[in-house]
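> Pasted the sequence and its predicted model underneath.
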Amino acid sequence: MSSVEQQIEEVLRQIRPALQSDGGGIEFVKFDPETGVVHVRMQGTCVDCPMLQITLKSGIETALKEVVSEIKEVVAV
């Protein structure tokens, strides 16, 4: 696992308790260093949540970009 992937996992580890408190979760799938895109899989209640895009962009993507400058976007797969 690259250092970027380790940083991504660490940020997601910090975010998971908030998602789990609402019955959801998140799994890191992959990071594409050429495009700067992080692929994640949402779990539990997050899958059908109407707030998913807001959580993904305003919460998760923002938190990851603050720590890992290589990240351009976060997408759910």
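Now that the structure is in, tell me what you want to look at.
> And the lowest mean pLDDT element among the helices and strands of this protein?
Ranking every helix and strand in the chain by mean pLDDT, DSSP states H and E puts helix 52-54 at the bottom, with a mean of 91.
> and after it, which helix or strand comes next?
Reading on from helix 52-54 to the C-terminus, the next helix or strand found by DSSP states H and E is helix 62-67.
> Following the chain onward from that next one, which element is next?
Using DSSP H and E, the helix or strand that follows helix 62-67 in sequence is strand 73-76.
> what's near enough to touch the residue nearest the centre of the chain?
The chain has residue 60 as the residue nearest its centroid, 4.9 Å off, counting by C-alpha atoms, centre = their mean. By C-beta atoms under 8 Å, 6 or more residues apart in numbering, residue 60 lies in contact with 12, 15, 26, 40, 74. In short, each C-beta sits where N, CA and C put it, glycine included.
> Can you give me the distance of the residue sitting furthest away from the middle of the chain to residue 16?
Relative to the centre of the chain, and counting by C-alpha atoms, centre = their mean, the farthest-placed residue is residue 34 at 17.8 Å. Residue 34 sits 27 Å away from residue 16, taking C-beta to C-beta, to the nearest Å as the criterion.
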